[in-house]
Each structure stands twice: as structure tokens, then as C-alpha cells.
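Participant: give me a 3D structure for the following:
(chains A, B, C and D)
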Number of protein chains: 2
Amino acid sequence: MPTIEDVARLAKVSTSTVSYALSGKRPISPATRRRIEAAVAELGYRPHAGAKALASARSEVIGLMMPMRVGVDVAVIMQFAGGVVLRAREHSHDVLLLTQDDLDGLERVTDGSMVDALVIMDVEADDARVPVLRRSKQPAVLIGLPRLTAGLACVDLDFEASGQLAAVELARLGHRDIALVGAPPEVLERHTSYADRVVRGFLGAAAQEGVAAQAVTCPVDPDGVDAVVDRLLDRTPGPTGLFVHNERALPQVLHRLRERGRAVPGDLSVIALCPESTAHAQQVPLTSIDLPAERIGSLAVDMVMARLRDASVPAETRLLTPTMTSRASTGAPPAR
Amino acid sequence: MPTIEDVARLAKVSTSTVSYALSGKRPISPATRRRIEAAVAELGYRPHAGAKALASARSEVIGLMMPMRVGVDVAVIMQFAGGVVLRAREHSHDVLLLTQDDLDGLERVTDGSMVDALVIMDVEADDARVPVLRRSKQPAVLIGLPRLTAGLACVDLDFEASGQLAAVELARLGHRDIALVGAPPEVLERHTSYADRVVRGFLGAAAQEGVAAQAVTCPVDPDGVDAVVDRLLDRTPGPTGLFVHNERALPQVLHRLRERGRAVPGDLSVIALCPESTAHAQQVPLTSIDLPAERIGSLAVDMVMARLRDASVPAETRLLTPTMTSRASTGAPPAR
DNA sequence: TATAAACGTCGAAGCGCTTCGACGAAGGGC
DNA sequence: GCCCTTCGTCGAAGCGCTTCGACGTTTATA
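Facilitator: Next comes the predicted model:
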């Protein structure tokens, strides 16, 4: 591989001039710049990442911690990751992948200067990674909210507002008894905060609207889903509006409703909290609150980059306002 | 951050001794080693990755090219990736993430010495990345088979044998008319080679067994799936055995069969080609040929590491023998 | 027209690590 | 008791880049 010295020799300038031409950190005359560019092209020169990192104290890599167990919502995770990688490239950074629980990896990549910044996915209320992050020099942004956000940069969908939005919409349509079909028990137990927040928003808004409401967790296996749906339907009079925040259970919920002879939206209205693509992919296109995973990923990168560029940028928490799109799964409750 | 020099000073040795103690490349007396380890621990020393890479010409990072569009089989992709990352860590390497089509990124990370080796997922028959790989210095292993594998390291499930296995099993059970519900049209068109290979194996083995067989592509949207299933069922006499190699369509295929009143396995036997977890997750546990994605990912890393360690290790193609597990979805065809 | 400022370029000093060769001390073979 | 290894350690030379200060040359400013 050619080095910057080879380029300098071919362009008949010093290596520092090549460096400045390439980084743009000092003015270079058009003529010189052209010669350098020609030399770079002719040799196929690429700067050595390690040398650059050593000299400049910047690796141009950001770390991404991502859950990789085949679990709850692979599709969403993937969209986050896609958003992160794409946007990182736009900031001309690469992405180093870390698994969710690799606490030691976190220290290795930060202390070893492998990464300039970090994006942490799927944050839990009392996340073990937060203390590590606090003492590291690199800026980090969390996707999700820990219990204490002071001094941390966080970004997420406003799940509480999402819960409210769903409840208010169902109330507006005339439903007087509604239910949230929520995250699987294991997610709740891990205290991934979004699950709690949806519940709080949903129940709170329902109370305020004077509508009866309940929230249930819902496993992802078909039988478990059936049991949950059955329990809901067997109550009398029972809910006429459902808000489903559980991507993996969603198809089976709809399927069970069909099996039980309940028409959507004739007998039951359904609102889902999921990515648009998922809402579309169902047999009845679902009225949904979008989970803009890719956008959140991009935004996380933007935030972390801003702080990398200018350390005085404050570490704020940004909660994205949820938006609802009405499709074919909602309507007025059936007349009694 | 402390440097190796700080450690050396504290341990009262030279920096080279510290380096040798840490790498184990030269013998160090127990007493010295202990002092060095103590100093490392006391200072919380971590070697600077860039400096190490520069001096040793090894980054201890492997590149992983992974498709991140929300597409065909996110769960499988994720399992591959999980396998890769986990095993890479066992070889004390980190993983740099590249998107599937980032050809320029490939050159950047190889020529810029960001990675020591590469794992490339989801290889197509005439993959544009292959020429780039051939001219790069780093060892690479492909997950999937390009048209010309000479000189390349590849690893994949033996999809052709999988097709055969399914056909033979259905024939053995007494089915005389069988069908392959295959990959979505867009996958076939991209000539992701595994789709073709399954078809070839399935039809070939069926012919040999003297069994009528057909192969159809199958989109992933519910209506598309229904149409495919309907077309199959409306033929008379029609197939009594199905081999489904399309993870996203799988639940809907089963659902449509139920809607059409066909019992599994009473009226129709179904074999799936998918990860075990998917086969279990269906309402009827599916007889399946396992797609051991995580294992393939690990194996890919092992192969690439072997070649990294010893450049004379040949670049071989390894096709994993498929294994079938009988569950509740297969049996004899109905009596006529 | 004298003088300060900006421009364009260069040389050299690192950044933090690995690795080669060297060298004294200790151990083995005869 | 001598020579040859092996062991354990050190010093120094890079690895390929960035960046600081310096220095002639223009160009603007008064």
C-alpha cells in the first residue's frame, strides 16, 4: 500500500502539504491540490486508519451496542442499526459492533480509543452500562431512557405520549372500554423503560377521558397470545378497542380475533405501535403509531456527532412526538 | 489514559518488556510479569488500538458486510451476525459493520488497514464484491456461493442437499406429488445462489424418486402468499407434501392452509427450511431442516482466523450437511 | 510606498506501540 | 573450567500520519 510519503514524492510536495490538502485544514493552491489529487488517484492511496488515529487522536469510528439475541423485535433493531450505519457514513465514520451485554467491550473500545463516540441501544432503567459511560471520555447517546437521565444524551420515541395518543383516539371514536396488549413479560421484567412508559400513558389518558382501560402483558408464542386475547374477549362486555404494542404478537392477535369471529374494525378497533412497514404488512392495514426506528438511529448519530464536534453541546434528552396514521383497522364501536 | 510508558515506569522495566509481557512473544520472568500486571491493573492501562495497529500491522478487527434493508429474513441475518460477533470476540477481535452494498467501504477498510479480515454475507452469483476481495490482501470468507468459487473461502448450508433431503423424505412418507414453496421473486432475481440451489436439489431428487414435483416462488405479503397457496391447492389432484423455504411467508402459508380447511399433517405434510426457533414458533411444530445461521457465522470466523494465522491455509468451500428434525407437521399422505 | 496580514509550503517532532538486535547472566555438555 | 545456548531484559528504530512553528511571497491597508 502506498503511504502519504509516496504521494508527496509523486506530487513533489512535502507530506505535510499532502496531509493539509486532504484534510482541508490549511489553504492549498489549486495547482498543488490538483497534483496531489492526481497522485492520490494514480497510486490508489488510502490513509492508514491506525496511523491517522494515533496522530490525530480520532478513530472516525463510532461504537454501536446492539442486542443480538433473536428476541423481541429483530426488525426494529435492524432498522435502528441501519439508520445508525447510514448516518455514520454520512458523517464519514464507520461503525464498530458490540453486543448488548459486553460491558468489558465497552471499556476496551473507549479506553483503547477504538471509537470516538457510542450509540447504545435498548437501554434499561438501571442499565449497567450507564456508569461506564459516565466515566468514559467519549460522548454517548442512549436509545431509550434509563431511570436517571441527567447528564446523558438520550433519544427515543415518546412512548408515554404514544400511549396517550392511542387512548385518546379510541375514546374519540366512541370506545368506552379499551385495552393495551403490551410487551412480553420478560421485557417488562427487564424494565426496558419503554414498556412501562406506554402503559402509564395509556392508562393515564384513558382515566382522564373517563374510559375504562386495562393493560396486559403478552407473550409472543401463539398459544400465549391466544390465551391473552381470549381472556380479553371473554370478559363482558369487554373492550372494543385494542392498542397493541408487541410486534411479534401482533399477527397472532389479529389472527385470533378472526378465529374468534371478531371483525376488525366492525367489532373491535385495533391500533398498533410498530414500524409503518409492519402496519402495512397485515391483512387489514393497521391504524398505527409509527415507531420510526431508522430515524431514531440517524438522530442518535447526529446528536453524538454534534457533541463530538463541539464538546459544549449539552447532553439533552429528545423524545420524538408520535404520529398516528389512520388506516383500515379503526372505527366506531359496534352499537349495543 | 495511561500509556505503556507509564506502566513501564511503575513496574520499573522498559516499555519493550511490558510489550513482551503483554503479548507473550518472549519469555518474561514470573517476578517481572507480576510487577507488570500489577502496574497494568493499578493504572487501568489499555493499549491504544491505533498505535498497536500501526506498529504491528494488525488491527484485530474483522469487517462484516451485512444486509440491513428490512428484507427477507431479518432473524436469520441477525443470527449470522450474532455468531460472527461472538466468535470474533473469542478470537479477541472486534467487528466493524459495513452495509451490504458499500463497495467503496470495502476498499476503504481493506486498503486503509482497518480490518484484518472480512466476512461477507448474502453473496450473489455474480457478486460485485468478489473482484474487490480478490485483489485485497486480507483474507475473506463468503457466506453463500458466488458462481466462481475458485480461490475463495466460502461457507454455507448445503442448500442443494437440503432440497434433496426434503424431497426424499416426502417421497419416503409416500407422497407422490410435492411442491417447493420457494424464495420471493426478488431473491431469485438477485440470484442469491441459495434459492437456485434448493430448487435444483428438490426437483432433482424428486425426479430420481419418481415423484411429481414443482417449484414456485412466493412473495411475502399475505395476499401474495394466499394466491400461491390457492394455486397449489386448486390443482387436482394437487400436492400432498410442501417444502417451504421462505421464512417470512411461512406463517401465512400455514394460516392459508388452515383457512382452506387443509389439516397439517392430515391432508398435507409440511417441511420447512428455517432456523429451529422458527420451526418451533409455529402453531404446529414443524418438521424442519435447520438453517444453523449462528453456527455458520461462527464457522466463517474460524475459517478466516485460521487463514489469518497461517496464510498457507487453503481457501476452501465448506457446505454444511443439512439435518432434518421430524416434528408434528409430516406424515403419510391421505388415503385416496 | 512602507508594513502588516494572509497565503502556501516545508521540516520536524511527536502519537503509543511492536520488534529487532544486543547483551549480561545463568545453565548444559564435554 | 571453557564454550555455547538459552533466558530475561533493554535500547532504539520505526510504523504512517497530523500538527506546530517557521518562512518566504503575495496581497491588502493606510
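
Participant: helices along the stretch 1-150 of chain A, start to end?
Facilitator: A:4-11, A:15-23, A:30-43, A:49-56, A:74-90, A:103-111, A:129-135 (DSSP state H, counting those that start in this stretch).

Participant: what stretches of the stretch 51-200 of chain A score poorly on pLDDT?
Facilitator: Judged by pLDDT under 70, the stretch 51-200 of chain A has its weakly predicted residues at A:71-72.

Participant: the same query, at a cut-off of 90, please.
Facilitator: A:68-75, A:101, A:124-125, A:185-195 (pLDDT under 90).

Participant: can you pull the domain assignment for chain A?
Facilitator: Using automatic domain parsing, the domain ranges for chain A come out as A:4-47, A:61-157+A:293-320, A:159-290.

Participant: check whether the shortest one contacts chain B.
Facilitator: Yes - residues of domain A:4-47 are located near chain B by C-beta under 8 Å from any C-beta of the partner chain, namely A:Gly44, A:Arg46, A:Pro47. Where C-beta positions appear, they are placed from N, C-alpha and C, glycine not excepted.

Participant: hmm, back to that, same list (the helices of the stretch 1-150 of chain A) but as CSV, adding mean neighbour count.
Facilitator: Compiled in CSV, the helices of the stretch 1-150 of chain A are given as follows (neighbours: other C-beta atoms under 10 Å in any protein chain shown):
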stretch, mean neighbour count
helix A:4-11, 19
helix A:15-23, 18
helix A:30-43, 15
helix A:49-56, 20
helix A:74-90, 22
helix A:103-111, 19
helix A:129-135, 16
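
Participant: for these, give me JSON lines that also has distance to DNA strand D.
Facilitator: Shown next, in JSON lines, are the helices of the stretch 1-150 of chain A (distance: least, C-beta to the nearest atom of the strand, whole Å):
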{"stretch": "helix A:4-11", "distance to DNA strand D": "3"}
{"stretch": "helix A:15-23", "distance to DNA strand D": "3"}
{"stretch": "helix A:30-43", "distance to DNA strand D": "10"}
{"stretch": "helix A:49-56", "distance to DNA strand D": "3"}
{"stretch": "helix A:74-90", "distance to DNA strand D": "18"}
{"stretch": "helix A:103-111", "distance to DNA strand D": "19"}
{"stretch": "helix A:129-135", "distance to DNA strand D": "25"}
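
Participant: gap between the closest residue to A:Gln283 other than its chain neighbours and A:Glu107?
Facilitator: In this structure, A:Gln283 finds its nearest non-sequential neighbour in B:Pro222, 5.0 Å apart by C-beta to C-beta, 6 or more residues apart in numbering or on different chains. In this view, B:Pro222 and A:Glu107 are 47 Å apart by C-beta to C-beta, to the nearest Å.

Participant: ok, back up a step: which of the residues of domain A:4-47 next to chain B are buried?
Facilitator: Neighbour-count burial (16 or more other C-beta atoms under 10 Å in any protein chain shown) applied to these gives A:Arg46, A:Pro47.

Participant: list just the nearest of the residues of domain A:4-47 next to chain B to DNA strand D.
Facilitator: Of all those, the one with the least separation from DNA strand D (C-beta to the nearest atom of the strand) is A:Pro47, at 3.8 Å.

Participant: need phi/psi at the closest one.
Facilitator: With angles defined as degrees, to the nearest 10, A:Pro47 sits at phi -60, psi 140.

Participant: for it, list the residues it contacts.
Facilitator: A:Ile4, A:Leu22, B:Gly112 (C-beta atoms under 8 Å, 6 or more residues apart in numbering or on different chains).

Participant: do that again at 10 Å, thanks
Facilitator: A:Pro47 makes contact with A:1, A:3-4, A:7, A:18-19, A:22-23, A:40, A:55, B:108, B:111-113 under the criterion C-beta atoms under 10 Å, 6 or more residues apart in numbering or on different chains.

Participant: where does it land on pLDDT?
Facilitator: Looking at A:Pro47, its pLDDT stands at 98.

Participant: send me the helix or strand containing A:His280 as PDB with only the CA atoms.
Facilitator: If you go by DSSP states H and E, A:His280 is part of helix A:276-281. Taking Å, rounded to 0.1, in the frame of the first residue of the first chain, the C-alpha atoms of helix A:276-281 are listed here in PDB:
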ATOM      1  CA  GLU A 276     -45.000   1.500   9.200                       C
ATOM      2  CA  SER A 277     -43.900  -1.500   7.200                       C
ATOM      3  CA  THR A 278     -45.300  -3.800   9.800                       C
ATOM      4  CA  ALA A 279     -48.600  -1.900   9.900                       C
ATOM      5  CA  HIS A 280     -48.900  -2.300   6.200                       C
ATOM      6  CA  ALA A 281     -48.000  -5.900   6.100                       C
END
